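Visitor: what follows is a predicted structure for the sequence shown.
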Amino acid sequence: MSVSVLAPNKDKRVIVVLGMHRSGTSAMTGCLEAAGVFLGDTNHYTFDNVKGNRESKRIMTMHNDMLSRVGASWLDPKTVEKWLPVHTVLRDLIIDTYDKAPVWGFKDPRTLFMLAGWLEALPTAEMVGIFRHPFFVAESLHKRNKFAHDAGLSLWMQYNRKLMEHYLKGNGFPVLEFSANDAEFNKQLSLLLAELKLSDDGATFFDSSLRQNELPKIEDSAIAQEALALYGELQAIRIDQPPIALAS
């Protein structure tokens, strides 16, 4: 029998970052940390990100195990709606480690596929999303993981369809684009910090020199136009755009 350890956290603010790999999730999460969101013990340096991916190893390990048990992985994801008891116990123990923080949060791209179990424990969690041009992500995966561009675009579609699904299901939440234009991205960050009522110090974390901005010429890819159509839908819900009417 599992024992809940969630009671002390009911009045805490929790911010969950949602977004695809290689899409600026680390940059935005680092900004949130600088603005006062407690992330706990996270990676502050990785081989492909000198500022770290700001991910909790405990959460990432749990998510990987959950995906593995349904025959999936981060590069071939599946939605996990029903959590096993072992994972709900681990989740609750992880949440308990943030008990003393008035505002805490976490980021792991895999969360897009297992958000239901987190919201079961944290129904008042505040979600924020981020996306990036699909061609940039495909190129980044091509360079880091040797993925074919079509494979990268297909994976981008899977993650960002889930992001849009959560946005529509959750009656909207702040969504940023990891823009190639620095001024544009910084404006979105400022809007986000203001909406979340966090410190302006968060904007000091972002370092544009760490982001590659060479847009590959892959518009003739078989899936390119489909990805660009979804990209347009995501741009329409960006934090600096007029709000759209959501179905009740």
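Guide: Done, it's in. Fair warning: this is a prediction, and the values are worked out from it, not measured in the lab.

Visitor: model confidence over stretch 107-115, on average?
Guide: Mean per-residue pLDDT for stretch 107-115: 97.

Visitor: hey, where'd the helices end up in the protein?
Guide: 25-34, 57-69, 85-96, 115-121, 134-145, 149-169, 182-195, 224-236 (DSSP state H).

Visitor: quick one: low-confidence parts of the chain?
Guide: 1-11, 43-54, 202-203, 205-213, 247-248 (pLDDT under 70).

Visitor: circling back to that earlier point, out of the helices of the chain, which one sits most buried?
Guide: Greatest average neighbour count among the helices of the chain goes to helix 25-34 (a mean of 24), per mean count of other Cβ atoms under 10 Å. All C-beta spots, glycine's among them, are computed from the backbone N, C-alpha and C.

Visitor: could you say what helices and strands it packs with?
Guide: strand 13-19, strand 103-107, strand 126-131, helix 182-195 (3 or more Cβ pairs under 8 Å, 6 or more residues apart in numbering; DSSP states H and E).

Visitor: could you dump the helices of the chain into CSV and include distance to residue 40?
Guide: What follows is the helices of the chain, written out as CSV (distance: least, Cβ to Cβ, whole Å):
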stretch, distance to residue 40
helix 25-34, 10
helix 57-69, 8
helix 85-96, 9
helix 115-121, 15
helix 134-145, 26
helix 149-169, 23
helix 182-195, 20
helix 224-236, 29
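
Visitor: out of those, which gets nearest to residue 78?
Guide: When these are compared by Cβ to Cβ, helix 57-69 sits nearest residue 78, at 6.8 Å.

Visitor: I'd guessed residue 92 sits against residue 121; true?
Guide: Yes. Using Cβ atoms under 8 Å, residue 92 and residue 121 qualify as a contacting pair, with a distance of 6.4 Å.

Visitor: what lies in contact with stretch 74-92?
Guide: Stretch 74-92 is contacted by residues 2, 4-6, 21, 58, 62, 64-67, 69-72, 109-110, 112-114, 116-118, 120-121, 145, 155, 158-159, 162 when judged by Cβ atoms under 8 Å, 6 or more residues apart in numbering.

Visitor: er, stretch 129-137 I mean
Guide: Outside stretch 129-137, the residues touching it (Cβ under 8 Å, 6+ apart) are 17-25, 28, 152-153, 156-157, 160, 163, 166-167, 173-178, 180, 212-213, 215-216, 218-219, 224, 227-228, 230-231, 234.

Visitor: check contacts around the closest residue to residue 154 other than its chain neighbours.
Guide: Excluding its sequence neighbours, the residue lying closest to residue 154 (Cβ to Cβ, 6 or more residues apart in numbering) is residue 223, at 5.8 Å. Residues near residue 223 by Cβ under 8 Å, 6+ apart: 150, 153, 154, 157.

Visitor: the second one and residue 145, how far apart?
Guide: Separation of residue 153 from residue 145 (Cβ to Cβ, to the nearest Å): 13 Å.
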